[in-house]
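J.: sequence first, predicted model second:
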Amino acid sequence: MVILKSREEIALMREAGKLVAACHQEIAKLIRPGIATREIDQFVEKYLAAHGARAEQKGYQGYAFATCTSVNDVICHGFPDKNLLREGDIVAVDFVANLNGWLADSTWTYPVGQISAEAERLLKVTKEALYLGIAQAVAGNRIGDISHAVQAHVEAYGFSVVRDFTGHGIGRTIHEDPPVFHAGPPGRGLRLREGMVITVEPMVNIGAYHTRVDLNGWTARTVDGTLSAQYEHTVAITEEGPFILTQP
């Protein structure tokens with residue numbers, strides 16, 4: 001069941017979203033060769049707590065961390081650990097803030113030092129696909145219009161869109177209806193309505209779109225070891241158009 005939000009509730013989610021955006025701005029300053037993803041995770045948890053919020057992912061279905069930190073071939077749900085990031089790596093940092101009972105969710109992929117031209121192109125195309133998808137998040141459109149905008153852009157550059165993981169509705173819980181696919185034909189799927197709040201979060205691989213999951217049951221990787229990137233915003237469907245809640 002899709003839970004529509006009032007303008008007042010969207011405003012509360014916007015406050016959570018601004019906090020997420022501010023935290024990402026601080027993360028960007030931390031990312032460098034020699035830092036461990038566990039340090040990033042600890043920073044996020046402390047930052048949110050210092051601003052009256054908590055990391056909603058921690059404890060969710062037994063998940064042990066405040067963030068997912070996905071390095072290089074990890075598509076999503078990477079566990080923060082003590083391994084040090086190296087020059088040329090890319091790392092996606094994904095977290096959900098709970099501020100006064102309302103949630104906001106955002107992922108950003110960061111370059112670690114100087115990265116390859118191919119990795120730079122992957123990040124650029126993935127970010128562009130995110131905003132092209134968001135542009136279709138208009139009342140009266142369908143989920144498939146978001147899906148098609150993302151897929152068409154990504155595949156035009158020879159990359160692939162992950163199918164096994166989707167965006168989702170969000171509000172007082174992390175995962176609400178509807179699922180938001182990032183590949184598929186336009187004009188299909190649920191019709192978007194004012195008051196819906198969703199995440200748009202394309203995961204894009206340099207190689208094949210297929211995934212494999214580590215023995216930990218969480219961490220998904222590319223099957224061919226190629227790089228993967230992700231960008232995500234929480235977006236409200238409003239009378240005025242898509243309203244990105246997780247931007248500064």
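T.: Thanks, I have it. Numbers count the residues shown, from 1 in each chain.
J.: which pLDDT value does the model give residue 17?
T.: Model confidence at residue 17, given as pLDDT, is 98.
J.: part of a helix, is it?
T.: Yes. Residue state for residue 17 (DSSP: H, G, I helix; E, B strand; the rest coil) corresponds to a helix.
J.: leaving out the residues flanking it, which one is nearest to it?
T.: residue 245 (3.4 Å; CB to CB, 6 or more residues apart in numbering). Just so you know, the C-beta spots here come from the backbone N, C-alpha and C atoms, and that holds for glycine as well.
J.: same deal with residue 173?
T.: Nearest one to residue 173, counting by CB to CB, 6+ apart, is residue 103 at 7.3 Å.
J.: next SSE after the helix or strand where the one you found lies?
T.: Using DSSP states H and E, residue 103 sits in strand 102-111. Next along the chain after strand 102-111, taking DSSP H and E as the criterion, comes helix 117-135.
J.: name the residues that touch that following helix?
T.: 88, 90, 109, 111, 115, 146-147, 149-150, 153-154, 157, 159, 161, 182, 200-204, 206, 227, 229-233, 235, 242, 244 (CB atoms under 8 Å, 6 or more residues apart in numbering).
J.: roughly how far is that helix from the heart of the chain?
T.: 13 Å (CA atoms, centre = their mean, to the nearest Å).
J.: now it against strand 102-111, angle please.
T.: 150 degrees (axes from the mean of the first three to the mean of the last three CA atoms, to 10 degrees).
J.: now for the nearest residue to residue 176 once chain neighbours are set aside, how many residues are close by?
T.: If the residues on either side of it in the chain are set aside, residue 176 comes closest to residue 169, at 3.4 Å by CB to CB, 6+ apart. Neighbourhood size, residue 169 [other CB atoms under 10 Å]: 22.
J.: show me what contacts residue 169?
T.: Contacts of residue 169 were listed using CB under 8 Å, 6+ apart, and they are 2-3, 175-178, 180, 196-199.
J.: now, of these, which are buried?
T.: Among the contacts of residue 169, the ones that count as buried by 16 or more other CB atoms under 10 Å are 176, 178, 180, 196-199.
J.: okay, these in a markdown table with secondary structure next?
T.: As requested, the buried ones among the contacts of residue 169 are exported to a markdown table (three-state DSSP):
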| residue | secondary structure |
| --- | --- |
| 176 | strand |
| 178 | strand |
| 180 | strand |
| 196 | coil |
| 197 | strand |
| 198 | strand |
| 199 | strand |
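J.: ok, of those residues, which one's closest to residue 190?
T.: Closest approach between the buried ones among the contacts of residue 169 and residue 190, by CB to CB: residue 178, at 4.8 Å.
J.: show me the contacts for that closest one.
T.: 2, 143, 168-169, 189-190, 196, 198.
J.: pretty sure the residue nearest to residue 173 is touching residue 168, no?
T.: No. Using CB atoms under 8 Å, residue 103 is not in contact with residue 168, being 11.0 Å away.
J.: shared neighbours of those two, anything?
T.: Common neighbours of residue 103 and residue 168, counting by CB under 8 Å, 6+ apart, are residue 174.
J.: comparing the two, which residue is more hemmed in?
T.: Legend: neighbour count by other CB under 10 Å for residue 103 and residue 168, higher for residue 103 (24 against 19).
J.: any idea how far residue 86 is from the more buried one?
T.: 33 Å (CB to CB, to the nearest Å).
J.: low pLDDT regions in this protein?
T.: Regions of the chain meeting the criterion pLDDT under 70 are absent.
J.: all helices of it, in order?
T.: Taking DSSP state H as the criterion, the chain carries its helices at 7-30, 37-50, 117-135, 143-156.
J.: looking at these, which is nearest to residue 213?
T.: Closest approach to residue 213 among the helices of the chain is made by helix 37-50 (18.5 Å; CB to CB).
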